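Trainee: Make a model of this:
(3 chains)
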Amino acid sequence: MNDLVAPMLAWYDAHARELPWRGEHATPWSVMVSEFMLQQTPVARVEPVHRLWMESWPTPAALAAAPSGEAVRAWGRLGYPRRALRLHAAATVIVEAYDGQVPSSYDDLVGLPGVGPYTAAAIAVFGYGERHAVLDTNVRRVLARLVVGDELPPVAVTSAERRRAEDLLPQDDAEAATWSIALMELGALVCTAAKPTCSGCPVADQCAWRAAGYPAYDGAPRKAQTWAGTDRQCRGRLMAVVRESPDPVPSSRLDRAWSDDAQRARCLTSLLTDGLLVETAVGYALPG
DNA sequence: AAGTCGTGGAA
DNA sequence: TTTCCAAGACT
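Mentor: Okay, the predicted model is just below:
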């Protein structure tokens, strides 16, 4: 094993957060739910929603039996509500094709709706203890600094990154899983994007970026995401109105939620196309 | 392959 | 106040 593993495992043992989807009570399904929710959404906001979600739908079958609109409603304000739809769709596939059991192999998992390379690896590793490299934004950043000496990883995952992550993976399955979650936790708590606290890093003495004097990121500038006035904001407004209403919402109420007629109409259409809303005789509603 | 898709807390 | 962005997936 390389010289990074022991200090990383010891650090994780001492500093890991206790989260509902970790530990003995976690199930592959609770891990899967957490991974969907954590896609682009901070831990602090996921925790309470995950807790309620698991009470309502403790198994894939329970979720699959519910209307997809209930999943969207329970998703609340986590953002990117299509993830709720995809999780519901994935639960349906799990019931129909996997006898209600979350599959354990990466290849089966990555075939599920809403499950990409990261999420498939995370479920296989954290849900089942399979040995597989897990490349999320935290791991990528930590390895970029620690091994390569760059402040930030490339915009898109490269084959070099994947090979590097696989090369560093401990041979033992359980140890490899802890290694991966430790890298993620370090990236989330210590080796953060903006202001890393290297004084708290267990492998700072081996860090290539630190040794090089913290050279600044020199890759292509990341595009700043605009927000005000975008379709995303408009869609969010419309969804919020419908989500918080127990009854179908007449279009007159949606008119008040967004003033630009053309944009509102365009967004409404896209929400219907996405399956996030349906049109009923008395107004717009979450899908049944 | 570059754009799109939500949200709210922190800097 | 404005800006930035947090465990990605999909097209």
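Trainee: When you work out contacts or count neighbours from here on, use the C-alpha atoms and nothing else.
Mentor: Fine.
Trainee: so where does residue A:114 fall, helix or strand?
Mentor: Counting by DSSP states H and E, there is no helix or strand that carries residue A:114.
Trainee: what's the neighbour count on it?
Mentor: Neighbourhood size, residue A:114 [other Cα atoms under 10 Å]: 20.
Trainee: Distance of it relative to residue A:57?
Mentor: With distances taken as Cα to Cα, to the nearest Å, residue A:114 is found 18 Å from residue A:57.
Trainee: swap in residue A:202?
Mentor: From residue A:202 to residue A:57 the distance is 39 Å (Cα to Cα).
Trainee: likewise residue A:239?
Mentor: Distance of residue A:239 to residue A:57, given as Cα to Cα: 22 Å.
Trainee: Packing partners of the strand or helix carrying residue A:30?
Mentor: Assigned by DSSP H and E, residue A:30 belongs to helix A:28-38. Contact here means 3 or more Cα pairs under 8 Å, 6 or more residues apart in numbering; DSSP states H and E; on that basis helix A:28-38 packs against helix A:43-56, helix A:82-97, helix A:117-122.
Trainee: which one of the ones you listed is the most hemmed in?
Mentor: helix A:117-122 (a mean of 22; mean count of other Cα atoms under 10 Å).
Trainee: Strands of chain A, start to end?
Mentor: A:278-280, A:283-285 (DSSP state E).
Trainee: The first one: partners in the sheet, and parallel or antiparallel?
Mentor: This means strand A:278-280. Here strand A:278-280 has these sheet partners by DSSP bridges: strand A:283-285 (antiparallel).
Trainee: quick revisit: looking at the strands of chain A, spot the one closest to DNA strand C.
Mentor: For the strands of chain A, the distance to DNA strand C is smallest for strand A:278-280, at 18.6 Å, taking Cα to the nearest atom of the strand.
Trainee: wait, does that closest one contact DNA strand B?
Mentor: No - Strand A:278-280 lies apart from DNA strand B when judged by Cα under 7 Å from any atom of the strand; the minimum separation is 14.8 Å.
Trainee: For that strand, buried residues please.
Mentor: Buried residues in strand A:278-280, counted by 16 or more other Cα atoms under 10 Å: A:278-279.
Trainee: Stretch A:17-34 now?
Mentor: A:20-22, A:27-34.
Trainee: How about residues contacting it?
Mentor: Here stretch A:17-34 makes contact (Cα atoms under 8 Å, 6 or more residues apart in numbering) with A:46-47, A:50-51, A:54, A:58-60, A:87, A:102, A:119, A:123, A:126-128.
Trainee: Average pLDDT for it, rounded please.
Mentor: For stretch A:17-34, the mean pLDDT works out to 95.
Trainee: for stretch A:183-196, same thing?
Mentor: 95.
Trainee: anything in it near DNA strand C?
Mentor: Yes - using Cα under 7 Å from any atom of the strand, stretch A:183-196 reaches DNA strand C at A:184-185, A:187-188, A:192-194.
Trainee: got the CA coordinates for that stretch in PDB?
Mentor: Extracted in PDB, the C-alpha atoms of stretch A:183-196 (Å, rounded to 0.1, in the frame of the first residue of the first chain):
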ATOM      1  CA  LEU A 183     -10.700  11.200  -0.100                       C
ATOM      2  CA  MET A 184     -14.200  12.600  -0.600                       C
ATOM      3  CA  GLU A 185     -14.500  13.700   3.000                       C
ATOM      4  CA  LEU A 186     -11.000  15.300   2.900                       C
ATOM      5  CA  GLY A 187     -12.100  17.200  -0.200                       C
ATOM      6  CA  ALA A 188     -15.300  18.300   1.400                       C
ATOM      7  CA  LEU A 189     -13.900  19.400   4.800                       C
ATOM      8  CA  VAL A 190     -10.200  20.200   4.400                       C
ATOM      9  CA  CYS A 191      -9.000  20.300   0.800                       C
ATOM     10  CA  THR A 192     -11.800  22.500  -0.300                       C
ATOM     11  CA  ALA A 193     -12.000  24.300  -3.600                       C
ATOM     12  CA  ALA A 194     -11.600  27.900  -2.400                       C
ATOM     13  CA  LYS A 195      -9.700  27.900   0.900                       C
ATOM     14  CA  PRO A 196      -8.000  24.600   1.800                       C
END
